[in-house]
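Enquirer: structure, please.
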Amino acid sequence: MIQTHLMKLDAPYPVLNIDGQLVRHVATLIEVREIFDAKTGGEKIQTISHPVIDYGDNYYSGIVLYDKEVEECEVLSKVLSQPDFHIMVHNAQQMFNPKVISQKPEYIVKRLNNFGIGIEWPKQKDEDGYDTDEDATVVEVPISLGYSKEHGYWWAESSVMAFCFDAKGKNSDKELLNYIREMRSSYYKAFPDRQFDIVFRNKQNEVQYLIDELNQNPHL
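Expert: Numbers count the residues shown, from 1 in each chain. The predicted model follows:
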C-alpha cells in the first residue's frame, strides 16, 4: 500500500539544478510505502520524496518528477561562485544537443537571473597572482585546441574553472574559430552591464595563429 502526502513550500522557493535544468522547488510529494525487508523477512516502511517543480518563464508549474528524489537535486545558493557557474555551463554543453535546446551562456545566465540567482565576478590579480578587490576587466581562459587525425575533426577544450569554449566535430580551423567567437559573444551578451574582454592562453605552437587571431580583436 502506498500513501502520498503533499508538502507545499513557501516563497521564495529554492532553485534546483536537475540534470542541467534550472527549476523552482515549489512542493514535495512524499510517498510512504511498505516494502519487504530481506534481513528480517518482514515488512518495513520506505519514504521517498519527489520534487514538485515550476519551470518558470510561463512554462508548466506543479510538475511532479517521479523519477527524481529531492536528495538527488542540487540546491543553488543565492549567489553562484565562479567555479560553480563554470561547472554548470561546462556540464550543460556536454549534456544537451545545441541543435535541440539552447544552453549557451546567455541563456543560462538569463534563467539564473529570472530565478533571482546572482553570479560572482572574477577579480583582478595582483603581481603575485592573488585576487584584489577590483573586478576583472580582462578574463583569461586557458584553452587547448587542435586537429584529431583519429576522428577527423577540430576540437577545443577549455579549463573547467574558466568560461566554457569546449567543442568537437568542427570540420576546419575556421569553423572552430567561428564557434569560439560565437561562444565568446554569448558571454558578452550574458553580462551586458559589464565592460570586459575575453582572451585566451595556450602553449601549443602549432595553433598559436588561432590564439593570436582570437586575441587580436576580443570582440570580433
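Enquirer: what about Val75, neighbour count?
Expert: For Val75, the count of nearby residues is 10 (other C-beta atoms under 10 Å). Quick note: C-beta positions are derived from backbone N, CA and C, even for glycine.
Enquirer: gap between it and Lys44?
Expert: 28 Å (C-beta to C-beta, to the nearest Å).
Enquirer: just Tyr187 next, same as before
Expert: As for Tyr187, its distance to Lys44 is 51 Å (criterion: C-beta to C-beta).
Enquirer: can you pull the contacts of Thr28?
Expert: 6-7, 9, 49-52, 70 (C-beta atoms under 8 Å, 6 or more residues apart in numbering).
Enquirer: does it count as helix, strand or coil?
Expert: Thr28 falls in the strand class when you classify it by DSSP: H, G, I helix; E, B strand; the rest coil.
Enquirer: what kind of secondary structure is Ala38 in?
Expert: Of the three states, Ala38 takes coil according to three-state DSSP.
Enquirer: pop out the phi and psi values for it.
Expert: Dihedral angles phi and psi of Ala38 (degrees, to the nearest 10) take the values phi -60, psi -30.
Enquirer: just the pLDDT for Tyr60.
Expert: We note a pLDDT of 69 for Tyr60 in this prediction.
Enquirer: same check on Met1?
Expert: On pLDDT, Met1 comes in at 64.
Enquirer: same question for the helix or strand where Met88 lies, mean pLDDT?
Expert: Met88 is part of helix 82-95 when elements are defined by DSSP states H and E. The average pLDDT for helix 82-95 rounds to 90.
Enquirer: and the helix or strand following it with helix 82-95, angle?
Expert: Scanning forward in sequence from helix 82-95, with DSSP H and E defining helices and strands, the next element found is helix 105-114. Using axes from the mean of the first three to the mean of the last three C-alpha atoms, to 10 degrees, the direction of helix 105-114 lies 120 degrees away from that of helix 82-95.
Enquirer: show me which positions of helix 105-114 end up buried.
Expert: Using 16 or more other C-beta atoms under 10 Å as the test for burial, helix 105-114 gives 105-106, 108-109, 111-112.
Enquirer: could you look up the next helix or strand downstream of that helix?
Expert: Sequence order places strand 118-119 as the next helix or strand after helix 105-114, per DSSP H and E.
Enquirer: so which elements touch the next helix or strand after that next one?
Expert: With elements assigned by DSSP H and E, the helix or strand that comes after strand 118-119 is strand 123-125. The criterion is 3 or more C-beta pairs under 8 Å, 6 or more residues apart in numbering; DSSP states H and E, and the helices and strands that strand 123-125 contacts are strand 131-135.
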